[in-house]
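Visitor: pasting a predicted model and its sequence here:
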Protein chains: 2
Amino acid sequence: MRKINTRDFRIATRTTSRDINRRIALNLIREHQPISRADLARHMNLTRGVVSVLAQELIEQDLIYEGATGEAARGRKPTFLHVRTQDRLAIGVDVRFSKTYLMLCDLSGRQLGIEIYDTVFSIPGFVKDLASRVKKMLKRHGVNVPCEGIGVVFPGMVDQRTGRILNAPALGWRGVDIRSKLAAATGLPVHVENSGRACALAQLWLENGEVTAGHNFVYVSVSDGVGTGIVVNGELLRGRDHVAGEFGHMTLDLNGPRCMCGANGCWEVYTSNLATLSRYFGWNLSKLSPKHLKHVERKSFTIVDLITRARGGDAKALSAIQTSARFLGLGIAAIVNTVNPDGIYLAGEITAAWDLIEATVRSAMAERILTEAAAHTPLRVTSAQEYPRLRGAAALIAAPTYAAPRVA
Amino acid sequence: MRKINTRDFRIATRTTSRDINRRIALNLIREHQPISRADLARHMNLTRGVVSVLAQELIEQDLIYEGATGEAARGRKPTFLHVRTQDRLAIGVDVRFSKTYLMLCDLSGRQLGIEIYDTVFSIPGFVKDLASRVKKMLKRHGVNVPCEGIGVVFPGMVDQRTGRILNAPALGWRGVDIRSKLAAATGLPVHVENSGRACALAQLWLENGEVTAGHNFVYVSVSDGVGTGIVVNGELLRGRDHVAGEFGHMTLDLNGPRCMCGANGCWEVYTSNLATLSRYFGWNLSKLSPKHLKHVERKSFTIVDLITRARGGDAKALSAIQTSARFLGLGIAAIVNTVNPDGIYLAGEITAAWDLIEATVRSAMAERILTEAAAHTPLRVTSAQEYPRLRGAAALIAAPTYAAPRVA
């Protein structure tokens, strides 16, 4: 039960009911396409006549189109409905400490082109370079329809409403009005988001048919740090100050090693890729800094290599990974005890070792989760190959088309 | 932006728009009563004619009534609208380890009668006793309208949907279908909830005019343990397994003292009333058990007495309180970093010492909260005299009348 906000409500109008049903129809077509009007009517429990009117409106709005004609045992053959995504394009950008990923895709998140290059740390340089790459990419792919926007995700604190980067320590950027700079340079609408939350957006808006954890889930992404995105009732939680979901900085041990955030014993100090590598190389966890990130880059020895060594019989490598896995499970336990989502998605290189670490993660969860049922919260590993951050960047552009109308 | 759940959606009908607007009107009348139709129209940005139709429907549904006639400079004098709550009654029950609180109130939460008695630990005894007390209370207050229901809150894990107590360690109850037992014994509709979450419900549904933290807040209640309720977008978060909001059992120190839940170093081990008293009396935090609760009961020395001693110059008492205050702040920091609510409500006896501990709490928050803005999350102390749990129990009955219609 939701309370109506008497200081921020939406009055329903004459068209509200039809707007709602049209949007429901669009989402059902998107999920079940190709789908006939008759099947859509069954899904919506409405008459075929009512559904035909909704479909006609969606066609007129260029949101769906009629495709092939199906077979019917008798009578008129049905025409299948499809969501129009192929010729609606978006750009996704994932800015990381080392590399920047640039993707051209359609509104379903289907990748049409990708480019990976060294991150430009100067802000004017970054903007100019990105604008030129976007232009070239659109040209290279012979795009003759307007691109609907650019979604950019950053590692750090982002104010999605104003389009400002509040603080991105890995880039050394603070208080940067990146949205208006990029919009001015590209002439396209720009949306920005934090990369941890972007993964949750990709899962919410671009994945299909997730029954168990579709609308209440937490996405945990383990990389240089630990980013998480919380989705409650089909909506990403951003919070009053854009820090919602920073489970990476909850405490595991008040007297633990110092985290880059300045506090001690944060979850990510124990379970990030850097933490895992540090255990293997004998680095002091308390003294980790962006320098180590550079070091790791330079050596080009990554967690993937560590997993390879562990699989090859390197006991020290396996132990470093298992220790991180235990802490991963302990942190997940806190997510379960506090947010208690329908499911948790896990991403990041360490999940490539899921067969090795699942039991460790599960047993650490059971140590601290309050009920047995909750300890069995579904965990789903997403493949690192799917570019969840990039897809999340694209989801920033796609979501408004499909979102539920705001009412009451 | 909310994603439509294609497996659980609500089709809008011919009456949906009017249902939505009527419910908005009801909430506005509730907040601004007494209010004229003209003022209501201004709040809703609708014509007076449209609003009069909505008001008429609400009158016909017995949800509002017309009260006194107001003054007008010229023309027809306005009739003021009021929400009909006085003759709509509910029973709230707060079951605690030591005492059970029983309240008769109207749907605005206004207390008409209260009774406090020793908790009955046998389940059949509890049910029989409560049914008889409810009957007597309704009779004593000459209630000649049907009571709309009984809301009961328990310390422990409750499945609000099925009305079952999953596990209430303080009572020794596990897997008890309490709702159907109480409904059978009283002949009234019964709703159950966890007491920590009930406080959040009271804040959400029965408090008026909270601007800063009205629809996204966390309610932290410090007592024998630490209970929290999370409200996101005007809705209480219950979670897949009814454990959402158990911040009391997040880790502050993996190697810390053992908690009654079985894990080590939970937040509540450091900041509950029992923890504070233990520090003063030199009890071993690791060995706390329900026995100590009984001990505290027997001695009748409570945290309130400790605060009195601290104010009287007892340095050891003050130190015990300040140490708990620091841990209170460290736990709040985790709430801010993960859920990042618009505000946090604090309840429990220790808040009577707020003037002594606020600086300590704030400084502990600043130690760990990621941004300065977030470190300034509003904290609001609610008075322990307001019976937040009891009011939350009553809110279980009141809420459905005012909740937003579910659409899309």
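Guide: Great, that's in hand. Numbering: from 1, shown residues only, chains lettered A, B, ... in the order given.
Visitor: among the helices and strands of chain A, which has the poorest mean pLDDT?
Guide: helix A:290-299 (a mean of 60; mean pLDDT, DSSP states H and E).
Visitor: got the buried residues for the helix or strand following that helix?
Guide: Using DSSP states H and E, the helix or strand that follows helix A:290-299 towards the C-terminus is helix A:303-311. Judged by neighbour count (16 or more other Cβ atoms under 10 Å in any protein chain shown), helix A:303-311 contains these buried residues: A:303, A:306, A:307, A:309, A:310. The way it works is simple: take the backbone N, C-alpha and C, and place the C-beta from them, glycine included.
Visitor: minimum pLDDT in the residues you listed, which residue is that?
Guide: Within those, residue A:303 has the lowest pLDDT, namely 93.
Visitor: against residue B:222, how distant is that one?
Guide: According to Cβ to Cβ, to the nearest Å, residue A:303 and residue B:222 sit 41 Å apart.
Visitor: any idea how far residue A:362 is from the residue of the stretch 251-400 of chain A found nearest chain B?
Guide: With Cβ to the nearest Cβ as the measure, residue A:340 is the residue of the stretch 251-400 of chain A nearest to chain B, at 2.6 Å. Between residue A:340 and residue A:362 the computed distance is 17 Å (Cβ to Cβ).
Visitor: okay, those two: which has more neighbours?
Guide: The neighbour comparison of residue A:340 against residue A:362 (other Cβ atoms under 10 Å in any protein chain shown) goes to residue A:340, with 25 against 16.
Visitor: for the more buried one, which non-adjacent residue is closest in space?
Guide: Nearest residue to residue A:340, sequence neighbours excluded (Cβ to Cβ, 6 or more residues apart in numbering or on different chains): residue B:239, at 2.6 Å.
Visitor: mind listing what that neighbour touches?
Guide: A:216, A:339, A:340, A:341, A:374, B:245 (Cβ atoms under 8 Å, 6 or more residues apart in numbering or on different chains).
Visitor: can you confirm it is in a helix?
Guide: No: read with DSSP: H, G, I helix; E, B strand; the rest coil, residue B:239 is coil and lies in no helix.
Visitor: residue A:347 against residue A:382, yeah?
Guide: Yes: the pair residue A:347 / residue A:382 is scored as a contact, 4.8 Å apart, by Cβ atoms under 8 Å.
Visitor: neighbour count winner among the two?
Guide: Higher neighbour count among residue A:347 and residue A:382: residue A:347, with 24 against 18, using other Cβ under 10 Å.
Visitor: counting neighbours, which of the contacts of residue B:239 comes out on top?
Guide: Going by other Cβ under 10 Å, residue A:339 tops the contacts of residue B:239 with 30 neighbours.
Visitor: rewinding a little: intersection of neighbour lists for residue A:347 and residue A:382?
Guide: Common neighbours of residue A:347 and residue A:382 (Cβ under 8 Å, 6+ apart) are residue A:388.
Visitor: on that earlier part again, looking at the contacts of residue B:239, which are in strands?
Guide: Of the contacts of residue B:239, none are assigned to strands by DSSP state E.
Visitor: for the nearest residue to residue A:64 once chain neighbours are set aside, what are its contacts?
Guide: Once flanking residues are discounted, residue A:64 sits nearest to residue A:58: 4.5 Å by Cβ to Cβ, 6+ apart. Neighbouring residues of residue A:58 by Cβ under 8 Å, 6+ apart: A:22, A:25, A:26, A:29, A:64.
Visitor: pull out the buried members of the residues you listed.
Guide: Buried, going by 16+ other Cβ under 10 Å: A:22, A:25, A:26, A:29, A:64, out of these.
Visitor: report the distance from stretch A:383-397 to the chain centre.
Guide: 6 Å (Cα atoms, centre = their mean, to the nearest Å).
Visitor: tell me if it is near chain B.
Guide: No: counting by Cβ under 8 Å from any Cβ of the partner chain, no contacts exist between stretch A:383-397 and chain B, the nearest distance being 9.8 Å.
Visitor: what about residue A:95, distance to chain B?
Guide: 19 Å (Cβ to the nearest Cβ, to the nearest Å).
Visitor: tell me the confidence at that residue?
Guide: 96.
Visitor: do the same with residue A:87
Guide: At residue A:87, pLDDT is 86.
Visitor: take the buried ones among the contacts of residue A:58 and keep only those in helices.
Guide: A:22, A:25, A:26, A:29 (DSSP state H).
Visitor: what sits against the last one?
Guide: When contacts are counted by Cβ under 8 Å, 6+ apart, residue A:29 is found next to A:35, A:40, A:58, A:64, A:81, A:82, A:83.
Visitor: name the SS class of residue A:161, please.
Guide: coil.
Visitor: count of residues packed around it?
Guide: 10.
Visitor: pick out the residue nearest the middle of chain A.
Guide: The centre of chain A sits closest to residue A:199, judged by Cα atoms, centre = their mean, with a distance of 1.6 Å.
Visitor: if we can go back for a sec, turn the buried ones among the contacts of residue A:58 into TSV, columns for distance to residue B:112.
Guide: As requested, those are exported to TSV (distance: Cβ to Cβ, whole Å):
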residue	distance to residue B:112
A:22	48
A:25	49
A:26	50
A:29	54
A:64	57
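Visitor: please, where are all the helices along the stretch 101-250 of chain A?
Guide: For the stretch 101-250 of chain A, helices defined by DSSP state H, counting those that start in this stretch occupy the ranges A:123-140, A:178-186, A:195-206.
Visitor: figure out which of these is closest to chain B.
Guide: Using Cβ to the nearest Cβ, the helices of the stretch 101-250 of chain A put helix A:195-206 closest to chain B, at 5.5 Å.
Visitor: the closest one and chain B, any residue contact?
Guide: Yes: applying Cβ under 8 Å from any Cβ, one finds helix A:195-206 in contact with chain B at A:204, A:205.
Visitor: go on, stretch A:360-370?
Guide: Yes: Stretch A:360-370 is in contact with chain B by Cβ under 8 Å from any Cβ, via A:367, A:368, A:369, A:370.
Visitor: what's the burial count for the first one?
Guide: By the criterion of other Cβ under 10 Å, residue A:367 has 16 neighbours.
Visitor: what would the residues of stretch A:360-370 next to chain B look like in TSV with secondary structure?
Guide: Formatted as TSV, the residues of stretch A:360-370 next to chain B follow (three-state DSSP):
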residue	secondary structure
A:367	helix
A:368	helix
A:369	coil
A:370	coil
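Visitor: torsion angles phi and psi at the one residue in the stretch 101-250 of chain A that gets nearest to chain B?
Guide: Chain B sits closest to residue A:239 of the stretch 101-250 of chain A, with a gap of 2.6 Å, by Cβ to the nearest Cβ. In terms of degrees, to the nearest 10, the main-chain angles of residue A:239 are phi 90, psi 160.
Visitor: longest helix in chain A, please.
Guide: Chain A, longest helix under DSSP H: helix A:315-338.
Visitor: can you list the buried residues in it?
Guide: Using 16+ other Cβ under 10 Å as the test for burial, helix A:315-338 gives A:317-318, A:320-338.
Visitor: and that helix with helix A:303-311, angle?
Guide: 120 degrees (axes from the mean of the first three to the mean of the last three Cα atoms, to 10 degrees).
Visitor: surely residue A:193 and residue A:201 touch.
Guide: Yes: in this structure residue A:193 lies within contact range of residue A:201 using Cβ under 8 Å: 6.8 Å.
Visitor: got any residues that touch both of these two?
Guide: Joint contacts of residue A:193 and residue A:201 (Cβ under 8 Å, 6+ apart) are A:392, A:396.
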